[in-house]
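[1] Here is a sequence together with a model predicted from it:
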Amino acid sequence: MKKVLDQIHSPEDLKKLTPDQLEPLAKEIRDFIRDFTSITGGHIGSGLGIVELTLALHYLFDFKEQDHLIMDVGHQCYPHKILTGRRNDMYSIRQRDGISGFPDPEESPYDRVKTGHGGTSITTAIGLAAGINNAGGQNGARVVALIGDGGIQEGIALEALNHGGTLEQLPLTIILNDNEHGIGPTVGALRKYFSKVRSGPIYRTAKENFKRFVKSVEEKSPFVGRLTYDVLERVKSGVQHLLPSVNPGELFEALGYFYYGPIDGHDLPTLLEALSICRGIERPVVLHCITTKGKGYSYKQDRLGYHAGKPSEKITAHLPLEFSCQGGPAYTSIFLDEACKMAREDQRIVALTAAMLEGTGLVRFREEFPNRCFDVGMAEQHAVGMAQGLALAGQKPICAIYSTFMQRSIDQIFQELALINAPVMMCLDRAGVVGPDGATHNGVFDITFCRMFPNMVVMAPRDGSELRAMMRLAIHHPGPTAIRYPRTNTPLLEAEYPATGLELGKAELLEDGNDGCLFAYGAMVYPALDAARLVHEKHGLKLAVVNARFAKPLDEAMITSLLSRHPAFFTLEDHVLAGGFGAGVLEFACAAQLDSRKIEIIAINDNWVDHGQRIEALAMAGLDVPGIIARIERRLLPHLFEKNKDQGASQDSEAIIPQSLQTGN
Ligand SMILES: Cc1ncc(C[n+]2csc(CCOP(=O)(O)OP(=O)(O)O)c2C)c(N)n1
C-alpha cells in the first residue's frame, strides 16, 4: 500500500491532506525515524516525541515564506527535516557530506538558525517577533519558539521570558514541549512545578473546557482577533472557577504571558485547535504541550539510547583509528573512576554538572555519593557560580561540563573563579572535535577562554594515567584549574610511555631528535608520536616529541631549549588557532626574543569543522596523522634537502620531495 509519506515532499503537500490523514502519517514518520536511526544513530527520542506537534505546525503555518520556527537545541528536528524536503537525505544525517543533525539555514529555508546549544529559542523568537512588528506586521507573520522543559531552565531562556512578558502585541507563540526529560529526567523546581501541572486533575478539566469553548467560538466566527482572546480568558476563568486551588498557567501568567494548556501534545485535533487559536492572538502566548519523549521507541533496554544513539558499524567500520594504539577505556570513564576514588579519600570532594550526569559519567558518582553530587539542570553558569560558593565553604568542587557548553560560563570563570583564585577543578569533557554533532558541539575554544584569565592552570592529559594524575594535581592546587579531554578512547599501550611524575608547568620529552620538534598538547600527543615514527620511516628524519601537558603555565625552559636547537618547532592542538595553545607558545617566544619564525602552529584555522565521525572531522581540520605528516613534510622540505645533500644522496628532487607533495596532496 502506498504510504502517505510518499506524497509529502514539502509542507505544501502536507497542507493538501485532510486532518484525519495526519494520524497515519505520524505513524509512518515514527517508523521511518526508527528505521534510519537504527543505522545512523543520532537524537532519536526528542524527534519521536514531537511528530504530531511538527505535523500540526507545518499544517497550519508557513515556515518557508511567512512564519518563523525556532527549535531550541535543534536536536528534535528530524520530523521537521523529513517534512521539509529532506526525507531522502535522512540516511546521511550527521555523516561527512551528509545533512546536519541540527537545523541549518544553509540546508533549507525552513531552518532559520543554526543551533545545538539549548535555551536560545525564546530570545531569538522575541527578536524576530519585535522585528516583524517594527516592520509593520509583515502580513500577519508569526514566530514560534519550540522549547523543552530542559532548555527552558537555561539562564538565557529565563532572561528572555522575563523580557518577552513585558512586550505586548508580540506575534509570538512559545511552545513548551514538556516531556519530563532532558537527557535524563529533568531536575529542579521548575520540573516539580510542571509535574504538578501535568499530574493534577486540572489537565483533563482544562482540556475539556478548552474543547467546549473552542467549539462555541468555531460556531460563531473564525479563530481570529479579540473574540478568541475573550474566549481564552473565559476558559481560564472557567478552569479557575472549577478548581480554584490550581492554576496551571500561574507561572507564565505572572510573567505577562497568555498561558494555554496543558494539552496532550500527541492529540492531533487538540493540537490543531490550540495552534489555530494561538496563531490568532496578538500577544505572547505560552502553549504547554505534554508529550512522551521517545514515543514509539522501546527504550527500556536502552535507557539512554532513546535520547541519542550511536551509529551502527555500517557507518564506522571502515574508518581508521585516530592513532595506532587507540582502544583503552574512554576518557570519561577514567575521569569517573578517579573522581570516585578521590571522593572516597576526601569527604570534601563534591561534583557538579549541568544536565549531563550521563554524558560526563557522574551518574555513578551520584549513586555512591548522593549528597555530594549536584546536577543543577541546564544551567552551566550556575554550576560554575555554585562551585565558587562550595569552594568558599571549604569544599573541593569538581565541575564536569562539556567544553562546548562551558562557553556559557565564561563570565563565571572570569569573576567567580579566576578573579579570586577559587580552587575549583573544571573537567572539560568532549574537548576537541566531537564528530557527528558537528560545529555546534566541537569543544575547540576552551584553551583560549581558560588561558586568557590570570590565575588559571590549563592542562590536558596524553592518556588515562595522566588524566588521573592531573585530577590529583588539580584537587590540591590552591586556585582554579581546567583539564580538557576528548570524546574518544585512551591509548591502549600506555606502557610504551610509562607515566612519569607530573609537576605544575613541566612538559615531558617522550622522544628525542634533532630534525624538528613536535610540541603536542593532550589528545594530539599520540598522533604526534605516530607522525614522528612515520616521518622517520619515510624520510629518516628524527623528530623530538614532547607532551606539553600545560597550556598554562607553559614549560618555558623546555620551549627555550628545544626551539634553539631545532630547525622547526610544531605545536599541535585539537583547538582553534586563535588564542590557543600554540598561540601561547608564540606569545612566549616573541616576548623572550626567541626565533619565533621556526614555530608552526598545527591547529584549526579560522573556520568551522562540520559533522562526520571524529576521525573524519580531525581529517577535515588537518589534525589526523596524515594531515600532521603533510605539514611536517612541507615545512621540513628544505631541511630534508640539506640533510640529503650532506649525506651525498642524489639531488634529484623526486628522491627528496615527499610523495604527498609530488602528487600535490
Ligand atoms: C547549553 C546546553 N547545555 C547542554 C546541552 C546538552 N543537551 C542537549 S539536549 C539536552 C536536553 C534537552 O532537554 P529538553 O529541552 O527538555 O528537550 P528534549 O530532549 O526533552 O526534547 C541537553 C542537556 C545543550 N545542548 N546545550
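    Ah, there it is.
[2] thought residue 430 was touching residue 406?
    No. Using Cβ atoms under 8 Å, residue 430 makes no contact with residue 406, being 9.8 Å away. (Glycine included, C-beta is placed from N, CA and C.)
[3] and for those two, which residues touch both?
    residue 443 (Cβ atoms under 8 Å, 6 or more residues apart in numbering).
[4] The two: which is more packed in?
    Taking other Cβ atoms under 10 Å, residue 430 and residue 406 do not tie; residue 406 has more neighbours (31 against 27).
[5] For the more buried one, which non-adjacent residue is closest in space?
    Of all residues not flanking residue 406 in the chain, residue 428 sits nearest, at 5.7 Å (Cβ to Cβ, 6 or more residues apart in numbering).
[6] Now do the same contact list for the one you found.
    Applying Cβ under 8 Å, 6+ apart, the residues near residue 428 are 401, 402, 403, 406, 443, 446, 482, 483, 484, 485.
[7] so what's the second one bridging to?
    This means residue 402. Residues in a beta bridge with residue 402, per DSSP bridges, are residue 429.
[8] need the residues of the stretch 501-650 of the chain near the ligand, please.
    Within the stretch 501-650 of the chain, no position is adjacent to the ligand by Cβ under 6 Å from any ligand atom.
[9] tell me which parts of the chain are close to the ligand?
    So the chain meets the ligand at 46, 72-73, 75-76, 116-119, 148-151, 154, 177, 179, 181-183, 293, 355, 378, 405, 408 (Cβ under 6 Å from any ligand atom).
[10] out of these, which are inside strands?
    148, 177 (DSSP state E).
[11] So which of the residues of the chain next to the ligand belong to helices?
    Taking DSSP state H, the ones among the residues of the chain next to the ligand that sit in helices are 46, 405.
[12] Can you turn the buried part of the residues of the chain next to the ligand into a ChimeraX selection?
    To isolate the buried subset of the residues of the chain next to the ligand in ChimeraX, counting by 16 or more other Cβ atoms under 10 Å, use the following:
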select :46,72,73,75,76,116,117,118,119,148,149,150,151,154,177,179,181,182,183,293,355,378,405,408
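[13] re the thing from before, just curious, which of the contacts of residue 428 is nearest to residue 533?
    The shortest approach to residue 533 among these belongs to residue 485, at 23.4 Å (Cβ to Cβ).
[14] does the closest one really touch residue 431, like I thought?
    Yes. Residue 485 is within contact range of residue 431, at 6.0 Å (criterion: Cβ under 8 Å).
[15] which residues are common contacts for those two?
    460, 522, 523.
[16] Could you list every helix and strand in contact with the longest helix along the chain?
    Ranked by number of residues, the top helix in the chain under DSSP H is helix 625-646. With contacts defined as 3 or more Cβ pairs under 8 Å, 6 or more residues apart in numbering; DSSP states H and E, the packing partners of helix 625-646 are helix 525-539, strand 569-576, strand 599-604, helix 614-620, helix 653-656, helix 659-662.
[17] Report the buried residues of that helix.
    625, 627-633, 635-637, 639-640, 643-644.
[18] Kindly report the same for stretch 272-283.
    272, 273, 274, 275, 276, 277, 278, 279, 280, 281, 282.
[19] Could you give the average pLDDT over it?
    Mean pLDDT, stretch 272-283: 91.
[20] Please save the CA atoms from it in PDB.
    Once non-C-alpha atoms are left out, stretch 272-283 reads as follows in PDB (Å, rounded to 0.1, in the frame of the first residue of the first chain):
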ATOM      1  CA  LEU A 272      -4.700  21.900  15.600                       C
ATOM      2  CA  GLU A 273      -7.300  23.700  17.600                       C
ATOM      3  CA  ALA A 274      -4.800  25.100  20.100                       C
ATOM      4  CA  LEU A 275      -2.300  26.200  17.500                       C
ATOM      5  CA  SER A 276      -5.100  27.900  15.400                       C
ATOM      6  CA  ILE A 277      -6.100  29.800  18.500                       C
ATOM      7  CA  CYS A 278      -2.500  30.800  19.400                       C
ATOM      8  CA  ARG A 279      -2.000  32.000  15.900                       C
ATOM      9  CA  GLY A 280      -4.900  34.400  16.200                       C
ATOM     10  CA  ILE A 281      -3.700  36.000  19.400                       C
ATOM     11  CA  GLU A 282      -1.800  39.300  19.100                       C
ATOM     12  CA  ARG A 283       0.300  38.900  22.300                       C
END
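[21] out of the contacts of residue 428, which one sits closest to the ligand?
    residue 402 (7.1 Å; Cβ to the nearest ligand atom).
[22] Please work out which residues outside stretch 590-597 touch it.
    Here stretch 590-597 has contacts from 556, 559, 560, 563, 564, 586, 588, 589, using Cβ under 8 Å, 6+ apart.
[23] again, only using 10 Å
    When contacts are defined by Cβ atoms under 10 Å, 6 or more residues apart in numbering, stretch 590-597 is touched by residues 556, 559-560, 563-564, 566, 568-569, 585-589, 599.
[24] got the contact list for the residue of the stretch 201-350 of the chain found nearest the ligand?
    Nearest residue of the stretch 201-350 of the chain to the ligand: residue 293, at 5.2 Å (Cβ to the nearest ligand atom). By Cβ under 10 Å, 6+ apart, the residues touching residue 293 are 44-50, 76, 148-150, 177-183, 185, 299, 306-307.
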